[in-house]
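Asker: got a predicted structure here, sequence first:
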Amino acid sequence: MTNNPNWQPSASLEALQRRAQLLAEIRRFFEHRGVLEVNTPILSAAAPTAPYLQSFHTTFELAGQSQTRYLHTSPEFAMKRLLAAGSGAIYQLSPVFRNGELGRQHSPEFFMLEWYRPAFSLTELMTEVDILMQQVAATAPAVVYSYAELFEQFLQLDVHQVETDMLKHTALQRIPALTADWQTDRDGWLEILMSEVIEPQLSQLNRPVLVTEFPPSQAQLAKIAINAAGQSVAMRFELYAGGMELANGYDELCDAAELRQRFEWDNQTRQQQGKPQMPIDENLLAAMQSGLPACCGVALGIDRLMMLSLAKDNINQVRSIAFTES
């Protein structure tokens, strides 16, 4: 008889009960606000082109023909097709999949809450995220900082003017684990400084932090606008709490031509990095051309929210069965 302890659940019964309660509270929150719950396919013929994302893929076989299908990294593309068809405000609770991610706060499969609000401003969506956090996780009201304010406060850097060489110099000074031959681009250095230097200090505020006005190079699927200081910024926010990034929200780009161009640029970058190019979602672009309503959307990690709620330091402690490499 084989003695294999790996069959045991990774989460306690208490954590599983709290998880069920949390999901019920989220559904009540959106029901009260008149937001419709939807479910979209997990498999797709297209996949995100973002160079930092790796998608899982599988093969669909029918009548001797094979087609590649991708597990979604987010339900975003399909949900936007529903929005373009007139769904109104919608949300979804769904497993999502990201290859190459495994660690204390990362699992290749995790659970996501994503919702879209037609006619909402980014500020209105940030307020709703804050209210949700207070109601389902008993957090204090969030504090808001711009991306530039954080870099000025914690690193004494003007993120709109600083040269890439100075970002690299600062990262090598502040992060002992980095070696002198570490190579990345400007956004890579910004991300390293944000995640390794700034994020840990945000937890000391003992309340959620909403970070706004990211550099335009980090717009992804967000609109780009001019802020009050006359600087070009991405209409995007991120939510941090308990030393973790919990949510990422956009004032959604609605221009199909611009989005196609961003997808093509992403694929060029992927090719330069030796990564496979990804098939562009033509159905999404067609939906946008037909009339995606002005909207804001946000994705929030349920597993990390559970970690925050139960004061756990490993994602496996809040998932019923842990992902294992063996």
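Answerer: It's in. Residues are numbered from 1 along each chain as shown.
Asker: CA atoms for contacts and neighbours, from now on please.
Answerer: Noted.
Asker: now name the helix or strand holding the residue nearest the centre of the chain.
Answerer: Taking CA atoms, centre = their mean as the criterion, N248 is the residue nearest the geometric centre of the chain, at 4.7 Å. Using DSSP states H and E, the element containing N248 is strand 244-251.
Asker: so who does V136 touch?
Answerer: For V136, the contact set (CA atoms under 8 Å, 6 or more residues apart in numbering) comprises L22, E25, I26.
Asker: report the secondary structure state of R236.
Answerer: Assigned with DSSP: H, G, I helix; E, B strand; the rest coil, R236 falls in the strand class.
Asker: so what's the closest residue to it other than its chain neighbours up against?
Answerer: Using CA to CA, 6 or more residues apart in numbering and skipping the chain neighbours, the partner closest in space to R236 is Y250 (4.4 Å). Residues in contact with Y250, defined by CA under 8 Å, 6+ apart, are L122, L221, A222, K223, M235, R236, F237, C296, G297, V298.
Asker: so how far is the lowest-mean-pLDDT helix or strand in the chain from its chain's centroid?
Answerer: Across the helices and strands of the chain, the lowest-confidence element by mean pLDDT, DSSP states H and E is helix 199-202, at a mean of 92. Counting by CA atoms, centre = their mean, to the nearest Å, helix 199-202 is centred 18 Å from the centre of its parent chain.
Asker: and it, what does it pack onto?
Answerer: For helix 199-202, the elements it packs on are strand 232-241, judged by 3 or more CA pairs under 8 Å, 6 or more residues apart in numbering; DSSP states H and E.
Asker: quick one: list the elements packing against the strand it packs on.
Answerer: helix 122-137, helix 199-202, strand 209-214, strand 224-226, strand 244-251.
Asker: could you point out which of those sits nearest V35?
Answerer: Checking these against V35 by CA to CA gives helix 122-137 as the closest, at 12.1 Å.
Asker: mind listing the strands for this protein?
Answerer: Secondary structure of the chain (DSSP state E): strands located at 36-37, 43-44, 57-62, 65-71, 90-97, 109-118, 143-146, 209-214, 224-226, 232-241, 244-251, 295-301.
Asker: need those in CSV with mean pLDDT and distance to M288, can you?
Answerer: Shown next, in CSV, are the strands of the chain (pLDDT from 0 to 100; distance: least, CA to CA, whole Å):
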stretch, mean pLDDT, distance to M288
strand 36-37, 98, 20
strand 43-44, 96, 18
strand 57-62, 94, 25
strand 65-71, 96, 21
strand 90-97, 98, 17
strand 109-118, 98, 14
strand 143-146, 97, 29
strand 209-214, 97, 24
strand 224-226, 96, 17
strand 232-241, 97, 18
strand 244-251, 97, 14
strand 295-301, 98, 12
